[in-house]
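Peer 1: Build me a model:
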Amino acid sequence: MASYLILTPPGATSRSEVSDRYRDGTRFIRDGFSWKAFLFPTLWMLFHRLWLYAIATFLLQGIALELMRQPGFFAAGAALLLGVHILAALEGPHALGNRLVGRGWKVSNLVSAHDLATAEEIHFSQLEQEPNLDIHPKNWDIPAQNTNTSRPGPSFGLPGYDGGR
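Peer 2: Modelled structure (predicted):
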């Protein structure tokens, strides 16, 4: 099941206003692997106006192709090219969400659904049922205390989960 980050356009002040006025402007960004970004990373980033990422991708692809032409560096060039494509496919949607948030879009919701139509149905039905619901973590009652006194912090040296990505 995929998760969808739901962003509302700048200027929406309340969730009821979002449901009435900005229903058509709401963006659903699927958090996961993007085949379009994998196959055409530079074009995908240009289409989504990720200018600096597109320039970096274009330059890295050029370096990788030049490495592939040099004797003895084909494997290194192919690995770099594949790495650029995989990185664009995995992190491209996240970069798009960050760009929109940086431009004033508000994170409205995070929905797990099998497809986009189901995510839209879940999100807009929640808005109609509970228009004044605040989803920000400051209002959640989540105990965040670590009861393990012998080894405070995350286990196995892994970073802890703080509710972010």
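Peer 1: So, low pLDDT: which residues of the chain?
Peer 2: The chain contains residues with pLDDT under 70 at 12-24, 129-165.
Peer 1: pull the longest helix from it.
Peer 2: For the chain, the helix with the greatest residue count under DSSP state H is helix 74-102.
Peer 1: After it, heading C-terminal, what element do we hit next?
Peer 2: strand 106-113 (DSSP states H and E).
Peer 1: Can you give me the buried ones in that following strand?
Peer 2: Neighbour counts over strand 106-113 (16 or more other C-beta atoms under 10 Å) mark 106, 108-109, 111, 113 as buried. Heads up, the C-betas are built off the backbone N, CA and C, glycines and all.
Peer 1: Kindly report the same for stretch 115-129.
Peer 2: Neighbour count says stretch 115-129 has 119-120, 122-124, 126-127 buried, by 16+ other C-beta under 10 Å.
Peer 1: among those residues, which are in helices?
Peer 2: 119-120, 122-124, 126-127.
Peer 1: could these be laid out in a markdown table, adding distance to F40?
Peer 2: Output for those, formatted as a markdown table (distance: C-beta to C-beta, whole Å):
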| residue | distance to F40 |
| --- | --- |
| A119 | 24 |
| E120 | 26 |
| I122 | 30 |
| H123 | 29 |
| F124 | 31 |
| Q126 | 34 |
| L127 | 34 |
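Peer 1: of all the residues you listed, which comes closest to A89?
Peer 2: Ranked by distance to A89 (C-beta to C-beta), these are led by A119 at 19.9 Å.
Peer 1: Report the contact partners of the closest one.
Peer 2: 2, 4, 6, 28, 111, 113 (C-beta atoms under 8 Å, 6 or more residues apart in numbering).
Peer 1: Apart from its neighbours in sequence, what residue is nearest R69?
Peer 2: Closest residue in space to R69, ignoring its immediate chain neighbours: G77 at 7.6 Å, by C-beta to C-beta, 6 or more residues apart in numbering.
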